[in-house]
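[1] Okay, predicted coordinates and the sequence, questions at the end:
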Amino acid sequence: DTGVSQDPRHKITKRGQNVTFRCDPISEHNRLYWYRQTLGQGPEFLTYFQNEAQLEKSRLLSDRFSAERPKGSFSTLEIQRTEQGDSAMYLCASSAGQPNQPQHFGDGTRLSIL
Amino acid sequence: LAKTTQPISMDSYEGQEVNITCSHNNIATNDYITWYQQFPSQGPRFIIQGYKTKVTNEVASLFIPADRKSSTLSLPRVSLSDTAVYYCLVGETAGNKLTFGGGTRVLVKP
């Protein structure tokens, strides 16, 4: 399978704990995106990278959230001191970065905060 | 990014053609129109993208009138497995964040 891979698929944790998600993009894609999706809503943009550089962050990305892409390949999204409102599906997407090349999504990590 | 408006939901029957129209009155010159399909507990899946006139692939067709203020996604001969949420997006997809609306929930009935 050469698509976008996300791990874990599901994460259940207690409020106040830290969680980290991983995304492996399509290998030749230099752009990587994180989105968050709550039930019944469309995905909302969080941040994106071109290679290892984080180029844009949404206001949704509070200081408890941090994303990295250290070698320009896989990325991690960490949430510190989780809150009930963090419960959502966290989606990763990647693209080749060529003009109007579509973004391809993984199947997400579903986070549930107890 | 240009805002889009699409129906909240549509019902259809197996074997029928489903047409979903999306309005994007403020589309910019450089914007493309992209459609995604999403099943429960899965990420959005790219269906089709176009700039003007008509685009067709193995899954769908996309019709874009000359003024580009709307577009229509056409799904030929739908099956039960086409039940999903369909999102219309407008913008420069290369390197840019995607702004999703609420999508259209399509229910295909036997």
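    Happy to help now that I have it. Numbering: from 1, shown residues only, chains lettered A, B, ... in the order given.
[2] Distance of the residue nearest the centre of chain A relative to residue A:94?
    By Cα atoms, centre = their mean, chain A has its centre lying nearest to residue A:34, at 3.3 Å. Going from residue A:34 to residue A:94 by Cβ to Cβ, to the nearest Å gives 11 Å. Quick note: C-beta positions are derived from backbone N, CA and C, even for glycine.
[3] on that earlier part again, tell me what the host helix or strand of the residue nearest to the centre of chain A is packed against?
    Assigned by DSSP states H and E, residue A:34 belongs to strand A:31-37. Under the contact criterion of 3 or more Cβ pairs under 8 Å, 6 or more residues apart in numbering or on different chains; DSSP states H and E, strand A:31-37 touches strand A:44-50, strand A:75-79, strand A:88-95.
[4] What strands line up against that strand, and which way round?
    Within its sheet, and counting by DSSP bridges, strand A:31-37 is paired with strand A:44-50 (antiparallel), strand A:88-95 (antiparallel).
[5] Now do the buried residues in it.
    Neighbour-count burial for strand A:31-37, counted by 16 or more other Cβ atoms under 10 Å in any protein chain shown, picks out A:31-37.
[6] Equivalent analysis for stretch B:46-61, please.
    B:46-50, B:55, B:60-61.
[7] Now intersect these with the strands, please.
    Cross-referencing the buried residues of stretch B:46-61 against strands under DSSP state E gives B:46-50, B:55, B:61.
[8] Distance-wise, check residue B:32 relative to residue A:102.
    Separation of residue B:32 from residue A:102 (Cβ to Cβ): 9 Å.
[9] show me where pLDDT drops low in chain B?
    Within chain B, the stretches with pLDDT under 70 are B:1-2, B:93-95.
[10] at 80 what do you get?
    Under the criterion pLDDT under 80, the flagged ranges of chain B are B:1-2, B:92-97.
[11] correct me, but residue A:103 touches residue A:94?
    Yes - judged on Cβ atoms under 8 Å, residue A:103 makes contact with residue A:94 at a distance of 6.9 Å.
[12] Which residues of chain A lie near chain B?
    Residues of chain A found near chain B (Cβ under 8 Å from any Cβ of the partner chain) are A:4, A:31, A:33, A:35, A:40-45, A:48, A:50, A:55-56, A:58, A:89, A:91, A:93, A:95, A:97-108, A:110.
[13] Please work out which residues outside the strand holding residue A:34 touch it.
    A:23, A:25, A:43-50, A:60, A:67, A:69, A:75, A:77, A:88-97, A:103, A:105, A:108, B:95, B:97-98 (Cβ atoms under 8 Å, 6 or more residues apart in numbering or on different chains).
[14] which of the residues you listed are buried?
    Among these, the ones that count as buried by 16+ other Cβ under 10 Å are A:23, A:25, A:43-50, A:67, A:69, A:75, A:77, A:88-96, A:103, A:105, A:108, B:95, B:97-98.
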